[in-house]
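>>> sequence and predicted structure, then a few things I'm wondering about:
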Amino acid sequence: MVKTATLLFTFILVFAVGIFLLNNQLGLATAQADSTRLEESAGFDRYVENLAFGPGEKLYFDIGYGFINAGQATLEVVDLIEYSERPCYQIVSTAKSNKFFSSFYKVEDVVESIVDATGIFSWHFEKHVREGGYRADRLYRFDQPKNLVYYGKDTIEVAPYVQDALSVLYYVRTQKLKIGQSYFIENFTDGKKYPLEVKVHRRETIKVKAGKFDCIVVEPLFLTSGVFKHEGKLTVWLTDDRLKMPVLMKSKVLVGSISAELTDYELGEIIEF
C-alpha cells in the first residue's frame, strides 16, 4: 500500500517521470521513423512560442486509486518572476491526501520548478515529499549556458535545454503535436539523466468532472539501454487546442490503476516576449 500511495500522489506532480522512477523499471523503446527531436535548436538563447499557459493558470485534480478517491492535487503557474536575470515562470504543484486516506497514509507533497519564459527550459527544481513516515527534500540548479546541473555535491553534464520532471509537461504543451509522431526531450531527475519519448497516439473526446473536452492522447516513455520493462503505462489526455491542458492522466500499475482527473481550472495570462 505504501508504494501504491507514493505512486498515486507523485505522478501528477512529476508527469511521466515519477511513475517510472518509483517503479525503477527503465528500458529501451523504439522510436518511430517520423519522429521529431525537440532539442535541435542551436545556441543557448532559443525562443519557444508559448500560447498554452501563463501566470494565473491553476488546474485542480482529484487523485484516485481504482474507485477510491485518495486526495487532491494542483498544478499552478504562480507568477512571472526574474531568475538568473531572465523572465521565468514559477510553477508549483501540490498533492494532499484526503481525510480517509490520511488516516493510514498521509501525503503532503510540494514540487516547484522555475522555467525560462522564453526558452521553456528548467533553471531550478525542488521537491518536498511528506508521505507517511517518509521525508525527503531535493533541490537542484541548472546552469543552462554551461549545460550543467548542480545536485547536492555533484556537478553533472547534461544536454542543452534539459527539462526537469515538472517543466517537461509545460514544454510539451507548447509544441504542435502531430498524430503518429514521437517527440524526444532530455530530462534530469533526482541525479540522473533520462531521455524521454512522448508518443502522440490519437484524438479522443472525453468527459471529466471539469467538463467535456476534445483531446490528444499521448504516452510518455523512457529511452535507455537495456531491456524495456514497461510494467506501468501512463496515458495523458491533453486538450486539442492551443492550451493543451492536461485533463486526465491514467496509469496501470502492477495492481489496479491510478488516475488524476481535472475537476476545475483557472486560465492564465498569455504573455508575449
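Perfect, I can see it now.

>>> could you use CA atoms for every contact and neighbour count after this?
Fine.

>>> how near is the residue located most distally from the centre of the chain to Leu59?
Taking Cα atoms, centre = their mean, the residue of the chain most remote from its mean C-alpha position is Ser103, at 28.0 Å. From Ser103 across to Leu59, the span is 26 Å (Cα to Cα, to the nearest Å).

>>> ok, now Val217?
Counting by Cα to Cα, the gap from Val217 to Leu59 is 18 Å.

>>> cool, Leu221 as well?
In terms of Cα to Cα, Leu221 sits 24 Å off from Leu59.

>>> now swap in Gln72 and tell me
Taken as Cα to Cα, the span from Gln72 to Leu59 is 11 Å.

>>> ok, which stretches of the stretch 101-250 of the chain are strands?
108-116, 122-131, 134-143, 148-151, 154-157, 182-189, 192-208, 211-222, 233-239, 246-252 (DSSP state E, counting those that start in this stretch).

>>> run through who's touching the third one.
Translated: strand 134-143. With contact meaning Cα atoms under 8 Å, 6 or more residues apart in numbering, strand 134-143 is reached by 122-130, 148-152, 190.

>>> quick check, nearest of those residues to Glu108?
Using Cα to Cα, Arg130 comes nearest to Glu108 of those, at 5.1 Å.

>>> show me the contacts for the closest one.
So Arg130 contacts 106-109, 136 (Cα under 8 Å, 6+ apart).

>>> one more time with 7 Å, if that's ok
Applying Cα atoms under 7 Å, 6 or more residues apart in numbering to Arg130 gives the contacts 107-109, 136.

>>> report the buried members of the residues you listed.
Buried members of the contacts of Arg130, counted by 16 or more other Cα atoms under 10 Å: 107-109.

>>> tabulate those residues (TSV), appending distance to Asp264.
Output for the buried ones among the contacts of Arg130, formatted as TSV (distance: Cα to Cα, whole Å):
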residue	distance to Asp264
Val107	21
Glu108	20
Asp109	20
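
>>> from those, which is closest to Val48?
Of all the buried ones among the contacts of Arg130, the one with the least separation from Val48 (Cα to Cα) is Asp109, at 29.8 Å.

>>> how about the closest one, what does it touch?
Asp109 touches 94-96, 128-130, counting by Cα under 7 Å, 6+ apart.

>>> between those residues, which has the most around it?
Ala95 (26 neighbours; other Cα atoms under 10 Å).

>>> the nearest residue to that one once chain neighbours are set aside: how many residues sit nearby?
Counting by Cα to Cα, 6 or more residues apart in numbering, Ala73 is the residue found nearest to Ala95 once chain neighbours are left out, at 4.2 Å. Residues within reach of Ala73, counting by other Cα under 10 Å, total 24.

>>> just the pLDDT for Ala73.
Note on Ala73: pLDDT of 93.

>>> which SS state does it fall under?
strand (DSSP: H, G, I helix; E, B strand; the rest coil).

>>> partner residues bridging it?
Beta bridges link Ala73 to Phe61, Ala95, judged by DSSP bridges.

>>> quick one: residues contacting it.
For Ala73, counting by Cα under 7 Å, 6+ apart, the contacting residues are 60-63, 94-96.

>>> nearest residue to Val198 in space, please, no chain neighbours.
That would be Pro220: by Cα to Cα, 6+ apart, it lies 4.3 Å from Val198.

>>> so in this structure, where's the weakest helix or strand by average pLDDT?
helix 15-23 (a mean of 36; mean pLDDT, DSSP states H and E).

>>> so how many other residues sit close to Lys207?
With other Cα under 10 Å as criterion, Lys207 counts 13.
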